[in-house]
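Enquirer: I would like the atomic coordinates for the input below:
(chains A and B)
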Amino acid sequence: MINTLLEENHMQENSILRAKYAAKNLDVYYADKQALFGINLDIMENQVTSLIGPSGCGKSTLLRCLNRMNDVIDICSVKGSIRLDGQDIYDDGIDVVELRARVGMVFQKPNPFPKSIYDNVAYGPKIHGMIDQKSDADEIVETSLKKAGLWQEVKDRLAAPGTGLSGGQQQRLCIARAIAVNPEVILMDEPCSALDPIATAIIEQLIDELKQKFTIVIVTHSMQQAARVSQKTAFFHLGSLVEFGDTDQIFTNPQNQQTQDYITGRYG
Amino acid sequence: MIDKMSRHTKKRYQAERRFKIYGLLAIMFALGFLGLMLSTIALRAIPAFTQTYIQLTVEFSAKILDVDNKRDVKQIARADFQKIIREALYAEFPAANKRQDKKHLKKLVSSEAGYHLSRDLLAAETTDLNFIGTSAAIWVKSSDDVDSFIKDFISREVDEINRRLNDQQIGWIDSLIADGKLETRFNWDFFKFADSRSPEDAGIRGAVMGSLFTLAITLMLSFPLGVFAAIYLEEYAKPGRITDFIGVNINNLAAIPSIVFGLLGLALFLNIFGMSRSSPLVGGLVLSLMTLPTVIITTRAALKSVPPSIREAALGIGASKMQTILHHVLPLAMPGALTGAIIGMARALGETAPLLMIGMVAFIADIPTNINDPATVLPVQIYIWADSPERAFESKMSAAILVLLFFLIVMNGLAVLLRRKYERRW
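Expert: Okay, the predicted model is just below:
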């Protein structure tokens, strides 16, 4: 009932905004255990969509389906479809390497490579053949670091190891690394959970700027964060999509009792 | 209540102090034994690094060297240079004219002295043969008995009948010392020569080269094979019964007594493939089989300890599996893999038993020049010398142990350096 309502809602919006991702009847299993149940979800282009819900609700699993990071888990199997720009990313013909170049990812714990700041950012473009000469790399590194708001802090020490930065800087370095390959979508898996409030504020501001160019999907445990940064919010519980809609609506006027309980802090 | 607690705290601190002292004692115990072992070996090895030489005025008589007067280098090379040295000795001590005396007298110099003299004089084909007919004062190596006497291994106090040198020979030595015609020099030959039946001529070079060739083969085979096997098992193989089975068997292989690998080498490389006996090639192959499990196990452990976040980071920006492994996982696992390889190599360097079966426990008097020459290795050389009756071999053995320890220290130092070079924090 709600889903049909929401779908209608989307149809109206689709006239303005295009759906980047469309998940249809998505089931995900870890061996025998089902982690996601029949998910139907559209993710709009140039918007921030946040996935919220209590631990173990499947939000991270969904995020990892979007760039097929679940492939590395042997026991994980996926049914249903996820379309990126109308093309099913679980088709046999899809090159997963190409997909991940189009869909960047930022992880919960900042995980820069144990290499220099420069190499961290230049690595992606290098392996995707985007660099013909040194000046290309220099340019990509500079623009990516600028977009990630890190340039001013590190421009004098690009050769220093990326692991020597502070936690917040490391996370912005990871964002710079992700946007260096010029993706269309950026997936963020609780990007601020290991950061202090100031670094979190910086990252949130960055997310807001990045949505001009990228479609962003963010998993978060902080409802305030979801309310601050996202335009759309999806609430998951026990592997099902309970409610999905505009962030304002979800947080001010949730249609579902479970959503209501969760956002008011009654559980989760 | 407070009183009870403070008494308890006091006890706790005492227990902590005791705990620390146990550790200190253990370390002191270990260090003490290590020091004792090293100092004994080093003290025993010192005599091997010097050698006694005797100065003789030799006459390069044409009668002995160039019987048919053709001045042909090849002919002269085969001449009896030892006789020239003997004649010089007789001339030095004219009083010794009886057959028995002469027999004792010639035992003062090394029986290989003539060979070395001819080699030194006729080193090149185009040698100047003008020395024939002249005479010159040269230094020749003394025999090992004289050398041992000078180094106080043979005592004057012992009854003549139980002594390797009789009173007459000691008298000659004393007169040589008085004339300044006897001196001890640093024994460079120990590092230049291969094994010999004469202790004064025995050197370590043959065994060192044999060990180097063997270890080179071992490293070149076991390191890449081990790393590739570990990468496959850790990164590509689907976890399951077969992978577990392979893993368990690799662990078993690591525990098999090394002589079994020697038997396998004998059956496989020598009997079936017909490779040459006693060669570093076969030795290296056998030791590779022995080292491989160690390399695989340590490399797997090193790969496993690379944090998954690094893999995710690489995969997340679209690196392929191979790129993830080669660019990120393997460099981080390298220190562990190298440590494993070097531990394996150090074990291979000290291994004797498997080489027994493929004929590398042998008296080899030539320095091997390639991987197919007959060769022996350092621990085998130590074993051979430990088994030799001549007194002088005892110090040679200790010196060989020192050389082996030196190589072990160099290898471990290399391991530390490589680790430091590749070690990265994450």
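
Enquirer: And the strands in the stretch 51-200 of chain B?
Expert: Taking DSSP state E, counting those that start in this stretch to define them, one finds strands in the stretch 51-200 of chain B at B:135-141, B:182-186.

Enquirer: which other helices and strands contact the helix or strand containing residue B:218?
Expert: Residue B:218 is part of helix B:205-231 when elements are defined by DSSP states H and E. Contacts defined by 3 or more C-beta pairs under 8 Å, 6 or more residues apart in numbering or on different chains; DSSP states H and E place helix B:205-231 against helix B:280-304, helix B:330-349, helix B:378-386, helix B:392-422. In short, each C-beta sits where N, CA and C put it, glycine included.

Enquirer: at 10 Å instead, please
Expert: helix B:189-192, helix B:241-255, helix B:280-304, helix B:330-349, helix B:378-386, helix B:392-422 (3 or more C-beta pairs under 10 Å, 6 or more residues apart in numbering or on different chains; DSSP states H and E).

Enquirer: which one of these is the most hemmed in?
Expert: Among the helices and strands packed on helix B:205-231, helix B:280-304 has the highest mean neighbour count (mean count of other C-beta atoms under 10 Å in any protein chain shown), at a mean of 24.

Enquirer: Run the angle between that one and helix B:330-349 for me.
Expert: Angle of helix B:280-304 versus helix B:330-349, following axes from the mean of the first three to the mean of the last three C-alpha atoms, to 10 degrees, is 140 degrees.

Enquirer: what's helix B:280-304 packed up against?
Expert: Secondary-structure packing of helix B:280-304 (3+ C-beta pairs under 10 Å, 6+ apart): helix B:205-231, helix B:241-255, helix B:258-265, helix B:330-349, helix B:353-357.

Enquirer: now these as TSV including mean pLDDT and distance to residue B:318?
Expert: Output for these, formatted as TSV (pLDDT from 0 to 100; distance: least, C-beta to C-beta, whole Å):
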stretch	mean pLDDT	distance to residue B:318
helix B:205-231	95	21
helix B:241-255	92	28
helix B:258-265	93	44
helix B:330-349	90	19
helix B:353-357	90	48
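
Enquirer: Adding distance to residue A:196 as columns, could you present the ones you listed in CSV?
Expert: As requested, the helices and strands packed on helix B:280-304 are arranged in CSV below (distance: least, C-beta to C-beta, whole Å):
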stretch, distance to residue A:196
helix B:205-231, 39
helix B:241-255, 43
helix B:258-265, 56
helix B:330-349, 28
helix B:353-357, 59
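
Enquirer: Can you name the residues of the stretch 1-150 of chain A that neighbour chain B?
Expert: Proximity of the stretch 1-150 of chain A to chain B, by C-beta under 10 Å from any C-beta of the partner chain, involves residues A:64, A:67-69, A:71-72, A:74-75, A:95-115, A:119-120, A:123-128.

Enquirer: Now intersect those with the strands, please.
Expert: A:103-106 (DSSP state E).

Enquirer: Counting neighbours, what do you get for residue 162?
Expert: I'll assume chain A. Using other C-beta atoms under 10 Å in any protein chain shown, residue A:162 is surrounded by 26 other residues.

Enquirer: should've been chain B
Expert: Taking other C-beta under 10 Å as the criterion, the count of residues near residue B:162 is 7.

Enquirer: coming back round to it: so the helix holding residue B:218 versus helix B:280-304, what angle?
Expert: Relative orientation of helix B:205-231 versus helix B:280-304 (the same axes, to 10 degrees): 40 degrees.

Enquirer: Which single one of the ones in strands among the residues of the stretch 1-150 of chain A next to chain B is nearest to residue B:234?
Expert: Using C-beta to C-beta, residue A:105 comes nearest to residue B:234 of these, at 23.4 Å.

Enquirer: who are the neighbours in contact with the closest residue to that closest one other than its chain neighbours?
Expert: Nearest residue to residue A:105, sequence neighbours excluded (C-beta to C-beta, 6 or more residues apart in numbering or on different chains): residue B:316, at 3.9 Å. By C-beta atoms under 10 Å, 6 or more residues apart in numbering or on different chains, residue B:316 lies in contact with A:64, A:67, A:69, A:100, A:103-107, A:111, A:124, A:174, A:177-178, A:187, A:189, B:309, B:324.

Enquirer: No further questions, thank you.
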